[in-house]
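**Student:** Here you go, sequence then predicted model.
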Amino acid sequence: MSLDSFLLLAVLAYLVGGIPFGLLFSLWLAKRDPRKHGSGNIGATNALRTGGKKVGALTLLADIGKGSIVVAVALDSGLVDWQVACIALLAFLGHIYPVYLRFRGGKGVATMFGVLLPWQPWLAIVAFVVWYAVLKWRHYVSLASIMAGWSLPCGAWLLGSGQEVFWLGMSLAVLMTWRHRENIQRLLQGTEPTTDQDRRARMRA
């Protein structure tokens, strides 16, 4: 692939990654703007809180799918590992900093899984197991997401996935931690809502 083609694919990866499915599905199906409800986030968790199960599920699948599609195209184009890692990172950056919404996007958890699935499926499984285990143990989606992010560089090193994958995992972990900084503050203060509290709040809404 020529440099021009790679740069074009990189721009497309960012633009596709930035499609705000949580906002689109919420406005379409629930007639509510998730930016004005709950945590104010456009990701799947807040889409579930503000739009219900259908909106949350569609947002989750779409945010995973957009990451998977751009990385699958990169792999099909014969890019080398560092180029695939760049495409994956740009799709992720598109989600958390979308140009369409003045760079105010989601926190990247679903898109993180999406960019890994076509390229590093075992690493995606490791991250999901960590996410699920922490969620069942502590009942905080944010904590589970942060720990899943940090499982990436650790998992890449243990699985021998290569430097490109390790540094991609490190980048995703740092960015996800930064995007969850308000959640971390609430976790430290003991005011972060648990999954049980979220469920009761949705039932009352």
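**Tutor:** Happy to help now that I have it. Residues are numbered from 1 along each chain as shown.
**Student:** what's the lengthiest helix in the chain in contact with?
**Tutor:** The longest helix of the chain (DSSP state H) is helix 53-76. With CB atoms under 8 Å, 6 or more residues apart in numbering as the test, helix 53-76 has contacts from 9, 12-13, 16-17, 19, 21-22, 25-26, 29-30, 43-45, 47-49, 51, 83-84, 87-88, 90-92, 95, 106, 110-119. C-betas here are computed from N, CA, C, even on glycine.
**Student:** same check, this time on stretch 163-174
**Tutor:** Applying CB under 8 Å, 6+ apart, the contact partners of stretch 163-174 are 81-82, 84-85, 88-89, 92, 108, 112, 120, 123, 149-150, 152-157.
**Student:** Over to stretch 137-156?
**Tutor:** For stretch 137-156, using CB under 8 Å, 6+ apart, the contacting residues are 45, 107, 109, 112, 116, 120, 122-123, 126-128, 130-132, 134-135, 161-162, 165-170, 172-173, 176-177, 180, 183-184, 186-187, 192, 194-196, 198.
**Student:** Buried residues of that stretch, list them for me.
**Tutor:** Neighbour counts over stretch 137-156 (16 or more other CB atoms under 10 Å) mark 138-156 as buried.
**Student:** Can you tell me the element Ala10 falls in?
**Tutor:** Using DSSP states H and E, Ala10 sits in helix 3-17.
**Student:** Which parts of that helix count as buried, going by neighbours?
**Tutor:** Result for helix 3-17 [16+ other CB under 10 Å]: buried residues 6, 9-10, 12-17.
**Student:** domain ranges for this protein?
**Tutor:** Per the record, the chain has its domains at 1-108, 120-205, by automatic domain parsing.
**Student:** Is it possible to get CSV of those domains that adds mean pLDDT?
**Tutor:** Output for the domains of the chain, formatted as CSV (pLDDT from 0 to 100):
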stretch, mean pLDDT
domain 1-108, 93
domain 120-205, 93
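**Student:** if you compare these, which one is most tucked away?
**Tutor:** Comparing the domains of the chain by mean neighbour count (mean count of other CB atoms under 10 Å), domain 1-108 comes out on top with a mean of 20.
**Student:** chain center to it: distance?
**Tutor:** The chain centroid and the centroid of domain 1-108 are separated by 8 Å under CA atoms, centre = their mean, to the nearest Å.
**Student:** Please report the distance of the residue nearest to Leu93 when sequence neighbours are not counted from Pro98.
**Tutor:** Closest residue to Leu93 apart from its sequence neighbours, by CB to CB, 6 or more residues apart in numbering: Tyr14 at 6.3 Å. Per CB to CB, to the nearest Å, Tyr14 is found 9 Å from Pro98.
**Student:** just Asp33 next, same as before
**Tutor:** Noted for Asp33: a distance of 15 Å to Pro98, by CB to CB.
**Student:** what does Cys154 give?
**Tutor:** 29 Å.
**Student:** so who does Asp33 touch?
**Tutor:** Contacts for Asp33 (CB under 8 Å, 6+ apart) come out as 23, 26-27.
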